[in-house]
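>>> structure, please.
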Amino acid sequence: MAASRILFVHQNFPGQFPHIADAVLRRGHKVAAIGDQTAKGRPGVDVRRWKLLRGTTPGLFDPATRAEADLLRGQAAAEAALKLKADGFTPDLIIGHPGWGETLQLREVFPNAKQILFGEFFYRSRGADVNFDPEFETPAPKSDFRIHAKNMGLALAYSEADMIVCPTPFQASLLPRGLHDRIRVVHEGVDLDRAKRVPGASLKLSDGRVLDGRKPVITFINRHFERLRGFHIFMRALPSLLERVPDAEVLLIGTDSTKVYGGSLPDGQTWKGKMLAEVGDRLDMDRVHFTGALDHADMVKALSISTAHVYYTYPFVLSWSLVEAMACECLIVGSDTAPLRDAIEPGVNGLLRDFFDVQGLADTLVGVCQNPEAYAPLRSAARATALERFDRETVGVPGWLDLIDEVMAR
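Okay, here's the model as predicted:
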């Protein structure tokens, strides 16, 4: 493809696009980006940052609040785009994440530019994360209407896209049927050269003890511990596991925060605090290790000594941590939910269990600890799957470049 001008749009640029931006720069394209004040600089990219001039209207009809916020961000991004245009940059192609409304007015600013939009998530009151867990949510028309209305900005943005790129089939399935002919499924890719099993790895804990995998180690990763990623189910399975496997150690990697996707708790309570209050008196806390956030090298060490890695999730976006655990040849014990089915084939490259079956999870982990060698083929198959579907250098970047060529050739 001849050299073109490409504009990336992402509130937190580069977001999902850093390596795609680098790749088009290497091709000789001129590249600019628009983002919020949090957007980061990147060599070779002219980054323009927008700023809101006002907040949402107090007392606005509740279902309209998200649409107004998206339009306000879209207007601010359009003002930044107009300045970019005045400085002589008119893109041939816009690659954007529409999740915050920033692409909404760009067709008016750049009417001839083609658009590839990132299809991360389209909200639903049923069939996705909302109303999935009856312990915490009960369907109600008022809340369902509000969830449905969150799609107003996304629907307008996707209606104007030349192509929508979704990382997984589940994410693609959430979009309205009328858009499916414009959807392509290509994961942005994870650096699997950095995520691979380290032979002989060990991990030093904050108390000075060292875990090296000679005892069973169960790993669990959440950026922030939350119910959407099954933290409550995992914690409830631990008393049975620790009682039946007296030498098992548990590594919980992540942070304790009130800012979570799956619903905040009242009065500043965290999910770690809530679950320790529920099951903590039945846990041997000398064997349950909350590590906090680990740097990437230590996370890989933890995954390298893992006997089983538990990844549970509501029907939501698939985490990079799952892909990295697969790439480190972990035995994945996952929830039998739609996102996992895009990555794990039960009995071939991992195990899937009913999300709500706490005892079933405990029984599975006990069985793995008692006979880990039986699962060696699943471990190697997990890495093979990760390389085939999620590797950045062989799947993500080449796949995106092919899509760019396809759109620009139309």
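
>>> and for the helix or strand bottoming out on mean pLDDT in the chain, what are the contacting residues?
Least confident helix or strand of the chain, by mean pLDDT, DSSP states H and E, is helix 141-149 with a mean of 94. Residues external to helix 141-149 that are found in contact with it (CB atoms under 8 Å, 6 or more residues apart in numbering): 62-64, 66-67, 123-126, 130-131. Any C-beta I mention is one placed from the backbone N, CA and C, and that applies to glycine too.

>>> ditto for stretch 219-226
Residues from elsewhere that reach stretch 219-226, judged by CB under 8 Å, 6+ apart: 229, 231, 234, 250-257, 259-263, 270-272, 275, 293, 299, 302-303, 306, 308-311, 319, 321, 325, 330.

>>> over to stretch 110-119?
With contacts defined as CB under 8 Å, 6+ apart, stretch 110-119 is touched by 7, 16, 81, 85, 90-99, 103, 106-107, 157-158, 160-167, 171-172, 175, 183, 403-404, 407-408, 410.

>>> and the spatially most central residue of the chain, what's its pLDDT?
Against the mean C-alpha coordinate of the chain, by CA atoms, centre = their mean, the closest residue is residue 319 at 3.9 Å. On pLDDT, residue 319 comes in at 96.

>>> wait, isn't it in contact with residue 325?
No. Using CB atoms under 8 Å, residue 319 is not in contact with residue 325; the gap is 9.2 Å.

>>> overlap of the contact sets of the two?
Common contacts of residue 319 and residue 325 (CB under 8 Å, 6+ apart): 221, 311.

>>> the chain - how does it break down into domains?
The chain resolves into domains spanning 5-189+392-409, 203-390 when parsed by automatic domain parsing.

>>> now those domains in a markdown table, with distance to residue 197?
Compiled in a markdown table, the domains of the chain are given as follows (distance: least, CB to CB, whole Å):
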| stretch | distance to residue 197 |
| --- | --- |
| domain 5-189+392-409 | 18 |
| domain 203-390 | 5 |
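
>>> give me phi/psi at residue 32?
Backbone geometry at residue 32, expressed as degrees, to the nearest 10, gives phi -130, psi 170.

>>> neighbours of it, how many?
When neighbours are defined as other CB atoms under 10 Å, residue 32 has 20 of them.

>>> tell me which element the nearest residue to it once chain neighbours are set aside falls in.
Leaving aside its chain neighbours, residue 32 sits nearest to residue 46 (4.2 Å; criterion: CB to CB, 6 or more residues apart in numbering). Following DSSP states H and E, the helix or strand that holds residue 46 is strand 45-49.

>>> each with direction, which strands does that strand pair with?
Paired with strand 45-49 in the same sheet, following DSSP bridges, are strand 30-35 (parallel).

>>> next, work out how far apart the residue nearest to the centre of the chain and residue 4 are.
Plainly put, residue 319 is 33 Å away from residue 4 if you go by CB to CB, to the nearest Å.

>>> residues contacting stretch 339-347, please?
Where contact means CB under 8 Å, 6+ apart, the residues beyond stretch 339-347 that reach it are 168-170, 311, 313, 315-318, 322-323, 326, 332, 334, 336, 350-352, 378, 382, 385, 389-390.

>>> just give me how far the longest helix seen in the chain sits from the chain centre.
In the chain, assigned by DSSP state H, the helix with the most residues is helix 65-86. Relative to the centre of its chain, helix 65-86 is centred 25 Å away, using CA atoms, centre = their mean, to the nearest Å.

>>> now do the buried residues in that helix.
Neighbour-count burial for helix 65-86, with 16 or more other CB atoms under 10 Å as criterion, is recorded at 65-81, 84.
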